[in-house]
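Undergrad: Need the 3D shape of this:
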Amino acid sequence: WRERAIAALDARALAGNARRAEALALLKDSWSGRASVDSVGYRITRAFMYAVYDLCYDGANGELARIDPKASMAAVSARWPVVLARLLDQQPAAWLPPQYASWQALELAALDRVIADLTRDGQPLSQATWGQRNTAASAHPFAAVVPLLGKFLKVAPDLLPGDQHMPRVAGPAFGQSERMTVSPGHEAQGIFNMPGGQSGHPLSPYFLDGRADWLTGRAAPLLPGPAQHTLTFVQ
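TA: As a prediction, this is how the structure comes out:
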């Protein structure tokens, strides 16, 4: 999708359009090949894909919504990005929405929509990082049950690398609750991450002691290691 966006921004599309020129530079320079928190290129690329979807399926989704408000082409099949990619490769005239003179015109309309959306609040496009979009605030389950204790049971929002459908699954409202890699017979070499800690008590020093490893992807050992504390139950 990044290559498609770059290809659409040819010399003719860039003529006299500083916003598109900036987007092109960011697509080329702010790109690590990963959904990293500091990448503007990844955020533009992802938003471009969804904008193309909106423009291509606007009519079909409107018809589906009349039947069922929750229905959409994306709900029909999660493989819609593959279908769209093939359409952009083949560029069949019969599939081009009539308001666009060419498939490139549709792609440029999608890019213009992305640029306008990412700069809507006056923020420079260069600051529209993926981490700014992929932000999650975690909380203890009791935070919703006892609102007065919410400030003690929540953590500050974190900028998360990763996205859906990739090795590091992470989003504002979803993510891996644990990450574990271990080979049978080699447990001592296994690694483990969890977004919280070993204790669910907010006053415990172990309440969030594993969170930093989970956020950064730092490998923590699966096995507990030597005992440091002993809990004794006395009847």
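
Undergrad: Quick check: can you list the domain ranges of this structure?
TA: Following the TED database, the chain resolves into domains at 1-133, 176-234.

Undergrad: For burial, what's the neighbour tally of the closest residue to residue 80 other than its chain neighbours?
TA: Distance criterion CB to CB, 6 or more residues apart in numbering; nearest residue to residue 80, sequence neighbours excluded, is residue 74 at 5.4 Å. Where you see a C-beta, it was placed from the backbone N, CA and C, and this is true even at glycine. Residues near residue 74, counting by other CB atoms under 10 Å, number 14.

Undergrad: secondary structure element for residue 74?
TA: Using DSSP states H and E, residue 74 sits within helix 73-76.

Undergrad: What segments of this structure are strands?
TA: Listed in chain order, the strands of the chain (DSSP state E) span residues 135-136, 158-159, 170-171, 174-175, 179-181, 191-193.

Undergrad: Is it possible to get JSON lines of these that adds distance to residue 152?
TA: What follows is the strands of the chain, written out as JSON lines (distance: least, CB to CB, whole Å):
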{"stretch": "strand 135-136", "distance to residue 152": "19"}
{"stretch": "strand 158-159", "distance to residue 152": "18"}
{"stretch": "strand 170-171", "distance to residue 152": "25"}
{"stretch": "strand 174-175", "distance to residue 152": "22"}
{"stretch": "strand 179-181", "distance to residue 152": "26"}
{"stretch": "strand 191-193", "distance to residue 152": "24"}
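
Undergrad: Mean pLDDT lowest where, among those strands?
TA: Ranked on mean pLDDT, the bottom entry among the strands of the chain is strand 174-175, at a mean of 80.

Undergrad: Identify the residues contacting the residue positioned nearest the centre of the chain.
TA: The residue lying closest to the centre of the chain (CA atoms, centre = their mean) is residue 163, at 3.6 Å. Counting by CB atoms under 8 Å, 6 or more residues apart in numbering, residue 163 makes contact with 35, 46, 130, 134, 169-171.

Undergrad: same thing with residue 23?
TA: Contacts of residue 23 (CB under 8 Å, 6+ apart): 5, 9, 44, 111, 114-115, 125.

Undergrad: Okay, residue 98 and residue 106: tell me how far apart.
TA: 11 Å (CB to CB, to the nearest Å).

Undergrad: higher neighbour count, the two?
TA: residue 106 (22 against 6).

Undergrad: Against residue 52, how distant is the closest residue to the more buried one other than its chain neighbours?
TA: Excluding the flanking residues, the one nearest residue 106 by CB to CB, 6+ apart is residue 100, at 4.4 Å. Using CB to CB, one gets 11 Å for the distance from residue 100 to residue 52.

Undergrad: closest to residue 227 out of the strands of the chain?
TA: strand 191-193 (17.5 Å; CB to CB).

Undergrad: Show me what the closest one is in contact with.
TA: Under CB under 8 Å, 6+ apart, the answer for strand 191-193 is 178-182, 210, 213-214, 217-222.

Undergrad: Burial check on residue 94, number of neighbours?
TA: If we define neighbours as other CB under 10 Å, then residue 94 has 4 of them.
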